[in-house]
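> pasted the sequence and its predicted model underneath.
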Amino acid sequence: MNPYFTKPIKTADDAIVFFFVLEQGGLLFHPEDDPASVVNATGEALFSPDECVQLRARLDEAFEVMDDPCQYILDMSIVYGGGQ
């Protein structure tokens, strides 16, 4: 499991690092989507059930500390050319 999936997000900076790590690993997805619904190009689940539990917790935390994680990801996609 990716260690960033288990590291609690306590600040907006933590959330920014979390989303950046996801983007750099090709794992970034819309933060309002359930991680269990995210699939790869062949239709297989991208995350294990345990990872989904951790990712849901991190996303909940990100929404608590950031004004708009969705907008941040859109902005990040423009800057880095990534995102989904």
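Nice, thanks for sending it over.
> where in the chain is pLDDT low?
Along the chain, the model assigns pLDDT under 70 to residues 77-84.
> tell me which residues of the longest helix belonging to it are tucked away?
Longest among the helix segments of the chain by residue count, using DSSP state H, is helix 49-65. Of the residues in helix 49-65, 51-52, 54-55, 58-59, 61-63 count as buried by neighbour count, 16 or more other CB atoms under 10 Å. In short, each C-beta sits where N, CA and C put it, glycine included.
> closest one of these to residue 34?
Within the buried residues of helix 49-65, distances to residue 34 taken as CB to CB reach their minimum at residue 52, with 7.4 Å.
> what helices or strands is the longest helix of the chain leaning on?
Secondary-structure packing of helix 49-65 (3 or more CB pairs under 8 Å, 6 or more residues apart in numbering; DSSP states H and E): helix 3-6, helix 12-24, helix 69-80.
> quick one: which of the ones you listed is nearest residue 32?
Using CB to CB, the helices and strands packed on helix 49-65 put helix 69-80 closest to residue 32, at 6.5 Å.
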